[in-house]
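Colleague: how would this look folded up:
(2 chains)
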Amino acid sequence: MNNNVIEVKNLTKTFGDFTAVNAITFEVKKGEIFGFLGANGAGKTTAMKMLIGISKPTSGKAQVAGFDVFTHAEDVKQSIGYMSQKFALYDDLTVKENITFFGGIYGLSRKRIEEKRCELVEDLGLKDIVNQLVGALPLGWKQKIAFSVSLLHDPKIVFLDEPTGGVDPITRRQFWEMIYKAAHQGTTVFVTTHYMDEAEYCDRVSIMVNGKIEALDTPKKLKEQFRAENMNDVFLKLARSPSPTLTNGNEVNTDKN
Amino acid sequence: MLPIIFVLPLIQLVILSNAATFEIKNIAFAYIDNDHSSASRALIEKFNASTYFNVLTHFPSEAKASAAMLKGEVDVVLEIPRHFERQLQKSKQAHLGVTINAIDGAAAGVKNVYVTQIIQTFNQHIKVNLLQPSDMLSQPSTINTIPLFWYNETLNYKTFMVPGILVLLVTMITLFLSGMNIVREKEIGTLEQINVTPIKKRQFIIGKLFPFWVLGLGLLTIGLTIAKLIFNIPMIGSLALMYFYTSIYILVVLGIGLFISNFTDTQQQAMFISWFFMVIFILMSGLFTPIESMPKWAQIITEFNPIKYFVEVMRMVMLKGSGFMDILPQVTKTLLYALIMNGLAVWSYKKTS
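Modeller: Numbering: from 1, shown residues only, chains lettered A, B, ... in the order given. This is a model prediction of the structure:
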């Protein structure tokens, strides 16, 4: 019985002469919170885009939720949720309309959408804002709602691309509680982040440098391996090695609250 | 945004329909009278009486007249030579000098016709006065033509222009809005979110088309109402037929818009390309200049111009009362066009890069 929901082998993406993702190989187990780290420009987003089926890989193999991303990208999409770093609900629709719209796209019945909406309103305490335009809400709220919307259709895996960028520490805390809850219910969470304290919350973490995965293990083992105090040091040690994209390490967010 | 979408085109419709006219009126007219006779005064009186000419002044010399023409103060100068009256009476013929500003060649031609007509009526008048009773018998009876103007009996320019301008407004709004639409979602980032959902390409395109399609038909309705209420344009043909054709036509424009949107990365690019096509479509639509007078190669290009068909159909149905069979060629071509453009729009929308 195969327990891996993501299996990636030698996955590569090139743009002309430039190799953005260079033969990465890894697996993600069901129900795992998988941290996908890397400096800006290391190839994280490109790799993620291949896994969610909006970017065609140049070579290699990747299976997500049991479907090949080359041949069955649309089947992959039915089984995953995605939330991008660019907030992506419709600003000019209300919270309720966004839920109805995305629920509809995933083929949920009206009844199911209604149930989900009530659940969501209950869980997040949205009663007062459910009929407000999303554009008028504070970023923290938007991110939490976007995450919930990406889980509407009970996906096997949810991909989060820097979900907590720009939100306050309290909201980040709440956000991670939501992630834990989803993982607890059996959803696999694939998350990229720049916050190294968040990396510590992950079950396993991979660190990409220049299109390659340079380290992959539990945060604890990585710290031992690199003889580092925390994930921040692990990251700096790895990323500082010959990386043209990151000369001073000043793009790493060292926020540790 | 919605009020802007509806109000601006209507203001345009009202202003353009009144302003965009090829009728030539109020021609700035001046004369040089070297004769100062009763005949010369009678001739000038004819121009004065005409509504087409606005007799401004008379100039003492030709030099003054050409200076005024250079400045753009006058467009037509009539020069009456010395001894004009005497020549007329003596040799029954005289020469007149007419100078016309012909920067706009077509307008100059029309002005020339007007001038000639006035001089001819004056001439006939003179002739009768000069005729001897004995000549009366040998005088050939003149042939009079009585023109019949069909479909627009009063030759009202607005009747001709309003349906065409209505076409432009429906086209412009739907093309620009659809052209900006997908590209706007690219900019905001919602398109990426849509692309990771299992939505089908054709579902997405139909979802994009539908609101603008309704909007376009709404614009047509308001435009037709204004045409009827403000301009009192006759609507002889069937309204249902106009809506039927427009509903197909809007699909063509939307298909083009979405196709442009798929190929561009920013709203500026989409706007630029939409304008490029819009200008060609408008100028080659037969709205302002007849297609029959275009060179052969240009006429072939107009075959691919959706606006041309829409202008034709609106004028045919509204003013002539043409039926479905009369506009069948336009309907067929438009339908084909709509299928191709929307096929391309679906094809060019790529969920995977």
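Colleague: Figure out the helix or strand that residue 55 lives in.
Modeller: Since no chain was named, I'll use chain A. Under the assignment given by DSSP states H and E, residue A:55 is not contained in any helix or strand.
Colleague: not what I meant, chain B
Modeller: When elements are assigned from DSSP H and E, residue B:55 belongs to strand B:53-58.
Colleague: Now tell me what touches that strand from outside.
Modeller: Strand B:53-58 has contacts (Cβ atoms under 8 Å, 6 or more residues apart in numbering or on different chains) with B:26-33, B:44, B:47-48, B:73-74, B:76, B:114, B:118. For every residue, glycine as well, the C-beta is placed using N, CA and C.
Colleague: what sits against residue A:182?
Modeller: A:151, A:158, A:189.
Colleague: Tell me the one among the residues you listed nearest to chain B.
Modeller: Closest approach between those and chain B, by Cβ to the nearest Cβ: residue A:158, at 10.9 Å.
Colleague: and the gap between the spatially most central residue of chain A and residue B:344?
Modeller: The C-alpha lying nearest the average C-alpha coordinate of chain A belongs to residue A:160 (Cα atoms, centre = their mean; 2.1 Å). Counting by Cβ to Cβ, to the nearest Å, the gap from residue A:160 to residue B:344 is 35 Å.
Colleague: coming back round to it: how far off centre is whichever strand or helix holds the residue nearest to the centre of chain A?
Modeller: Assigning secondary structure by DSSP H and E places residue A:160 in strand A:157-161. Distance of strand A:157-161 from the chain centroid (Cα atoms, centre = their mean, to the nearest Å) equals 3 Å.
Colleague: neighbouring strands for it, and are they parallel or not?
Modeller: strand A:80-83 (parallel), strand A:188-192 (parallel) (DSSP bridges).
Colleague: Can you identify the element that follows that strand toward the C-terminus?
Modeller: Next along from strand A:157-161, by DSSP H and E: helix A:169-184.
Colleague: Need the phi and psi values for the closest residue in space to residue B:327 that isn't next to it in sequence.
Modeller: Ranked by Cβ to Cβ, 6 or more residues apart in numbering or on different chains and with sequence neighbours excluded, the top spatial neighbour of residue B:327 is residue B:313, at 5.1 Å. Torsion angles at residue B:313 (phi, psi; degrees, to the nearest 10) stand at phi -60, psi -40.
Colleague: Tell me if I'm right that residue B:313 and residue B:245 touch.
Modeller: Yes - here residue B:313 reaches residue B:245: they are 5.0 Å apart, a contact under Cβ atoms under 8 Å.
Colleague: before we move on, the earlier item: what pairs with the strand holding residue B:55, parallel or antiparallel?
Modeller: So strand B:53-58, judged by DSSP bridges, has these partners: strand B:27-33 (parallel).
Colleague: Which helix or strand lies directly C-terminal to the partner strand?
Modeller: helix B:38-49.
Colleague: could you say what helices and strands that following helix packs with?
Modeller: strand B:27-33, strand B:53-58, strand B:76-80, helix B:84-91, helix B:105-130 (3 or more Cβ pairs under 8 Å, 6 or more residues apart in numbering or on different chains; DSSP states H and E).
Colleague: Just the buried residues of that helix, please?
Modeller: B:39, B:40, B:43, B:44, B:47 (16 or more other Cβ atoms under 10 Å in any protein chain shown).
Colleague: And for stretch B:234-251?
Modeller: Result for stretch B:234-251 [16+ other Cβ under 10 Å]: buried residues B:234, B:235, B:237, B:241, B:242, B:244, B:245, B:246, B:248, B:249, B:250, B:251.
Colleague: With just CA atoms, put that stretch into CSV.
Modeller: Taking Å, rounded to 0.1, in the frame of the first residue of the first chain, the C-alpha atoms of stretch B:234-251 are listed here in CSV:
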residue,chain,number,x,y,z
PRO,B,234,-37.7,55.3,-38.8
MET,B,235,-37.6,51.6,-37.8
ILE,B,236,-39.2,49.9,-40.7
GLY,B,237,-37.8,46.4,-40.3
SER,B,238,-38.3,43.9,-37.5
LEU,B,239,-36.8,44.6,-34.1
ALA,B,240,-36.6,40.9,-33.4
LEU,B,241,-34.4,40.5,-36.5
MET,B,242,-32.1,43.3,-35.3
TYR,B,243,-31.7,41.6,-31.9
PHE,B,244,-31.2,38.3,-33.5
TYR,B,245,-28.4,39.6,-35.7
THR,B,246,-26.8,41.6,-32.9
SER,B,247,-26.8,38.7,-30.5
ILE,B,248,-24.6,36.8,-33.0
TYR,B,249,-22.6,39.8,-33.8
ILE,B,250,-21.6,40.5,-30.2
LEU,B,251,-20.2,37.0,-30.0
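Colleague: now that stretch, how far from the chain's geometric center?
Modeller: That offset, for stretch B:234-251, works out to 20 Å (Cα atoms, centre = their mean).
Colleague: buried stuff in stretch A:70-90?
Modeller: A:72-85, A:87-90.
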